[in-house]
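Visitor: Compute the structure for the input listed below.
(one chain, ligands or ions: 1)
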Amino acid sequence: MQLIVGTDSTWSLRAWICGQIANVDFDVNVIDLAKTDYCDSLGKVSDTGLVPLLIDEDLKVHDSLAIAEYFNELSEGTLYPKARTERAVARSLCSELHSGFVNLRNACPSL
Ligand SMILES: N[C@@H](CCC(=O)N[C@@H](CS)C(=O)NCC(=O)O)C(=O)O
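Guide: This is a model prediction of the structure:
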């Protein structure tokens, strides 16, 4: 399994941290997003042209939240609370972090 990440990419860092917590074994391939031709190397592997991307044999999982969910399934639920209601709250917080915080995103668009 291979996790493709980018330099200075907090989205990539989130996926990597989740993989570490879930204790999933994967190699890390770092793409230097500061290079002018990074799109060439990224485009060869990533259908979306974005990092992070997880490659597990024939499967490509893109987007940090989807990767976190996949790591959670691989590790039989280590990333979320066991109780259904607590899990729902955790998923709400993750979703807010992932798609909310509009003012912060506008102030820090590259994060
Ligand atoms: N929502 C996506 C965001 C991914 C994203 O925006 N990645 C940036 C780096 S932080 C990227 O790949 N940028 C390359 C580009 O836009 O060409 C996720 O969570 O994975």
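Visitor: what's near enough to touch the most centrally placed residue in the chain?
Guide: The residue lying closest to the centre of the chain (CA atoms, centre = their mean) is Ser64, at 2.2 Å. Residues near Ser64 by CB atoms under 8 Å, 6 or more residues apart in numbering: Trp11, Ser12, Arg14, Ala15, Cys18, Pro52, His98. C-beta here means a position set from N, CA and C on the backbone, and glycine is covered the same way.
Visitor: mind redoing it with 7 Å?
Guide: Going by CB atoms under 7 Å, 6 or more residues apart in numbering, Ser64 touches Trp11, Arg14, Ala15, Pro52.
Visitor: Dump these into TSV; add neighbour count, distance to Glu76 and secondary structure as well.
Guide: Converted to TSV, those look like this (neighbours: other CB atoms under 10 Å; distance: CB to CB, whole Å; DSSP: H, G, I helix; E, B strand; the rest coil):
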residue	neighbour count	distance to Glu76	secondary structure
Trp11	18	25	helix
Arg14	19	20	helix
Ala15	28	19	helix
Pro52	27	22	coil
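Visitor: from those residues, which is closest to the ligand?
Guide: The nearest member of these to the ligand, counting by CB to the nearest ligand atom, is Trp11 at 4.1 Å.
Visitor: What number of residues are in the vicinity of Tyr38?
Guide: Neighbour count for Tyr38, taken as other CB atoms under 10 Å: 16.
Visitor: Distance of Ser46 relative to Leu93?
Guide: The gap separating Ser46 from Leu93 is 27 Å, by CB to CB, to the nearest Å.
Visitor: Those two: which is more packed in?
Guide: Applying other CB under 10 Å to Ser46 and Leu93 shows that Ser46 carries more neighbours, namely 19 against 11.
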